[in-house]
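Enquirer: okay, predicted coordinates and the sequence, questions at the end:
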Amino acid sequence: MPKVLFATSEAHPLIKTGGLADVSGALPIALRALGCDVKIILPAYPEVLSKLSQTKTISQLYIPGIAGTIKLLEGKLPDSNIKALVVDYAAAFKRDGGPYQDPEGKPWQDNAERFALFSKAVCKVALKQANINWQPEIVHCNDWQTGLVPAILRLSQPAQIEGPYIPSVFTIHNLAYQGLYPQEIFFALGLPTELWSHSALEFHNQMSFIKGGLVFADRITTVSPQYALEIQNKKFGYGLEGLLSHRRSQLTGILNGIDDKVWNPIIDPLIKNNYDLDNMQNKSLNKHYLQKYYGLEQTNDLLLGFIGRLVEQKGIDLIIKLIPRLKQLSAQLVILGSGESTFETQLKQLAKKHSDVFRVQIGYDEALAHKIEAGVDAFLMPSKFEPCGLNQMYSLRYGSIPIVTNVGGLSDSVVNVSDKTLKSNTATGFLLDEPNATELIKTINRVTALYKKPKQWASLVKTGMSQQFNWQTSAKQYLKLYQSLISKTTSF
Ligand code: ADP
């Protein structure tokens, strides 16, 4: 069974800003259950150090151009037997604020340096230059923060060199974030100069971290089959569609799973009343609790929810246009999120103006996120693009009907309500044809019409709750991919 080094800049429950953390927290556990020897590697943010147990220094790394030493620590993730290697360099990672942003929400000025250092440290471990008694057979990298790893690995392992070849897999969780920096930064990072080329890291005169993964990884994956197709086209490819299309035979979409221990209404300790299909009255109690929490009237009107980053991608502009129409649609809406200040301000103003039907909580609150999933009747996700999306799958599991756009992982995980799909009991949610406000309002009308037919609604909820999005299925696909690479010297 393969030895896998899983490189990531965040992992639940150590540190999380989005879906990448959910994947990094759950996939290694599922791979281990299949027999893989997996270690994750991530930067030593203070939050990570405070949550790991049995942490000890196992080595020191020397990286040319970096003053002082970098410690490599090993600790255990809470509630699992997964070991985490942690790259500890205080000047880069020991600071207040988020992993990518300062406490004011501005990107750290030295993000390129921080993640170049992290990537070089990952390569030291991968190439057995870290003085530890373990070497992976494969390195699985995630998003731009680890994009330099496949590039450095490939340059460090030219074909004529004897010894084991360590292949890399690069997973795109969101192509919109690419790690683009000016040319001078590239030259300041001490990378091999041959990487400054259109066929390597250069992208329209800038340095692109993500291109390191897209050009040099032995395999590229993304988090849903539909998104794997979409990024090969101009609309969603950000100018990288040519490269991705060129590499299409090495590009696969593997749908994320959901962590059934964390997101399961039967055992979820973060919700007021646990429930399953046979005691759905508890879901109604959760709805009333949520209405009370947000200060909304405890009616039986359709209660909608939204959780997520308040950014253009998530279609928050569409939701803003929906809010003044909620009353007329006999619906209430609760939002939990943080993001761009213009959206935060608009939502706060709308909450004052439409306080009878709409409330917002700005911030990040894991426990409230669970209570929203458990309490709402339907969940809004009108994303402009969505590599996979997790909340629509959590919603299905919690009997909260997803209302989503027909893109990426949303298309792959939600079956649209129609006469045919209702009859065959295959419908699980509502798909918008186009991501615009008119379409969203039209769809909410369809939702409320069905909500008024309790039998049909219950059947829709039942089909949704019976869907399986487990990590085992996804992990098996990753394992197959790893095995196909390990048996070869190189795939190029
Ligand atoms: P993305 O990774 O694009 O942000 P995903 O749907 O893939 O979106 O994953 C987002 C994850 O982060 C989900 O688990 C979601 O519940 C969680 N999340 C996002 N914003 C918040 C918030 N403000 N409070 C709590 N959880 C949040």
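Expert: Okay, I see it. Numbering: from 1, shown residues only.
Enquirer: what are the buried residues along stretch 4-15?
Expert: Under the neighbour-count criterion of 16 or more other C-beta atoms under 10 Å, stretch 4-15 has Val4, Leu5, Phe6, Ala7, Thr8, Ser9, Glu10, Ala11, His12, Leu14, Ile15 buried. Where you see a C-beta, it was placed from the backbone N, CA and C, and this is true even at glycine.
Enquirer: pLDDT below threshold where in the stretch 51-200 of the chain?
Expert: 160-161 (pLDDT under 70).
Enquirer: most proximal residue of it with respect to the ligand?
Expert: Asn174 (5.9 Å; C-beta to the nearest ligand atom).
Enquirer: enumerate every residue touching that residue.
Expert: Counting by C-beta atoms under 8 Å, 6 or more residues apart in numbering, Asn174 touches Gly19, Leu20, Asp143, Pro387.
Enquirer: go on, Gly315?
Expert: Neighbours of Gly315 in contact, by C-beta under 8 Å, 6+ apart: Met381, Pro382, Ser383, Lys384, Thr405, Pro435, Leu440.
Enquirer: just those residues that are near the ligand?
Expert: Contacts with the ligand within the contacts of Gly315, counted by C-beta under 6 Å from any ligand atom: none were found.
Enquirer: in strands, which of these fall?
Expert: Of the positions in the contacts of Gly315, Met381, Thr405 sit in strands, assigned by DSSP state E.
Enquirer: want to try a markdown table for the contacts of Gly315, with pLDDT, distance to Ala228 and neighbour count as columns?
Expert: Conversion of the contacts of Gly315 to a markdown table gives the following (pLDDT from 0 to 100; distance: C-beta to C-beta, whole Å; neighbours: other C-beta atoms under 10 Å):
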| residue | pLDDT | distance to Ala228 | neighbour count |
| --- | --- | --- | --- |
| Met381 | 98 | 20 | 25 |
| Pro382 | 98 | 22 | 26 |
| Ser383 | 97 | 17 | 26 |
| Lys384 | 96 | 18 | 19 |
| Thr405 | 98 | 17 | 26 |
| Pro435 | 90 | 20 | 19 |
| Leu440 | 97 | 26 | 23 |
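Enquirer: ok, the contacts of Gly315 vs Ile323, which is closest?
Expert: The shortest gap between Ile323 and any of the contacts of Gly315 belongs to Leu440, at 10.9 Å (C-beta to C-beta).
Enquirer: my read: the closest one touches Pro382, true?
Expert: Yes - the pair Leu440 / Pro382 is scored as a contact, 5.4 Å apart, by C-beta atoms under 8 Å.
Enquirer: need the overlap of contacts for the two.
Expert: Applying C-beta under 8 Å, 6+ apart, one finds that Leu440 and Pro382 are jointly contacted by Gly315, Leu318, Ile319, Ile403, Leu432.
Enquirer: isn't Leu243 right up against Val215?
Expert: Yes - assessed by C-beta under 8 Å, Leu243 is found in contact with Val215 at 6.9 Å.
Enquirer: what is in contact with the two at once?
Expert: Shared contacts of Leu243 and Val215, counting by C-beta under 8 Å, 6+ apart, come down to nothing at all.
Enquirer: who has more neighbours, the two?
Expert: Neighbour count, other C-beta atoms under 10 Å: between Leu243 and Val215, Val215 has more, with 24 against 18.
Enquirer: what's the separation between the closest residue to the ligand within the chain and Tyr177?
Expert: Here the chain gets closest to the ligand at one residue, Gly19, 2.5 Å apart by C-beta to the nearest ligand atom. Gly19 sits 12 Å away from Tyr177, going by C-beta to C-beta, to the nearest Å.
Enquirer: show me which residues of this structure are close to the ligand?
Expert: Taking C-beta under 6 Å from any ligand atom, the part of the chain that reaches the ligand is made up of 18-19, 22, 174, 307-309, 336-338, 364-366, 369, 388-391.
Enquirer: contacts for stretch 215-222, please.
Expert: Stretch 215-222 has contacts (C-beta under 8 Å, 6+ apart) with 141, 150-151, 153-154, 167-173, 175, 199-201, 213-214, 228, 231, 243-244, 247, 250-254, 387, 478, 481, 485, 490-492.
Enquirer: give me that answer again for 7 Å
Expert: 141, 150-151, 154, 167-172, 199-200, 213-214, 228, 231, 243, 247, 250-254, 387, 481, 485, 491 (C-beta atoms under 7 Å, 6 or more residues apart in numbering).
Enquirer: for that stretch, list the C-alpha coordinates in CSV.
Expert: Coordinates of each C-alpha in stretch 215-222 appear next as CSV, following Å, rounded to 0.1, in the frame of the first residue of the first chain:
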residue,chain,number,x,y,z
VAL,A,215,2.6,21.8,-15.7
PHE,A,216,4.8,19.4,-13.6
ALA,A,217,2.5,17.2,-11.5
ASP,A,218,2.3,13.6,-12.9
ARG,A,219,-1.4,13.7,-12.5
ILE,A,220,-3.9,16.6,-12.0
THR,A,221,-7.2,16.1,-10.2
THR,A,222,-10.0,18.4,-9.4
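Enquirer: from the chain's centroid, how far away is it?
Expert: 18 Å (C-alpha atoms, centre = their mean, to the nearest Å).
Enquirer: averaged pLDDT, it. What do you get?
Expert: On average, the pLDDT along stretch 215-222 is 98.
Enquirer: please shift the residue numbers so they start at 25 in all later answers.
Expert: From this message on, residue numbering opens at 25, which makes the last subject stretch 239-246.
Enquirer: re earlier: drop anything exposed from the residues of the chain next to the ligand.
Expert: The neighbour count (16+ other C-beta under 10 Å) marks 43, 46, 198, 331-333, 360-362, 393, 412-415 as buried among the residues of the chain next to the ligand.
Enquirer: need these in a markdown table (columns: secondary structure).
Expert: Putting these into a markdown table (DSSP: H, G, I helix; E, B strand; the rest coil) gives the following:
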| residue | secondary structure |
| --- | --- |
| Gly43 | helix |
| Asp46 | helix |
| Asn198 | coil |
| Ile331 | strand |
| Gly332 | strand |
| Arg333 | strand |
| Leu360 | strand |
| Gly361 | strand |
| Ser362 | strand |
| Ala393 | helix |
| Cys412 | coil |
| Gly413 | coil |
| Leu414 | coil |
| Asn415 | helix |
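Enquirer: sorry, back to before: as TSV, the contacts of Asn198 with distance to Gly59 and secondary structure would be great.
Expert: TSV is the format used below for the contacts of Asn198 (distance: C-beta to C-beta, whole Å; DSSP: H, G, I helix; E, B strand; the rest coil):
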residue	distance to Gly59	secondary structure
Gly43	26	helix
Leu44	25	helix
Asp167	26	coil
Pro411	28	coil
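Enquirer: most neighbours, which of those residues?
Expert: Busiest of the contacts of Asn198 [other C-beta under 10 Å] is Pro411, holding 29 neighbours.
Enquirer: and Met231, its phi and psi?
Expert: Dihedral pair for Met231: phi -90, psi 130, per degrees, to the nearest 10.
Enquirer: then Lys144?
Expert: Torsion angles, degrees, to the nearest 10, at Lys144: phi -60, psi -40.
Enquirer: so it sits against Tyr86, correct?
Expert: No - with contact defined as C-beta atoms under 7 Å, Lys144 does not reach Tyr86; the gap is 10.4 Å.
Enquirer: which one of the two has more residues nearby?
Expert: Each of Lys144 and Tyr86 has its neighbours counted (other C-beta under 10 Å); Lys144 has more, 22 against 11.
Enquirer: quick one, what contacts the more buried one?
Expert: By C-beta under 7 Å, 6+ apart, Lys144 lies in contact with Ile87, Ile176.
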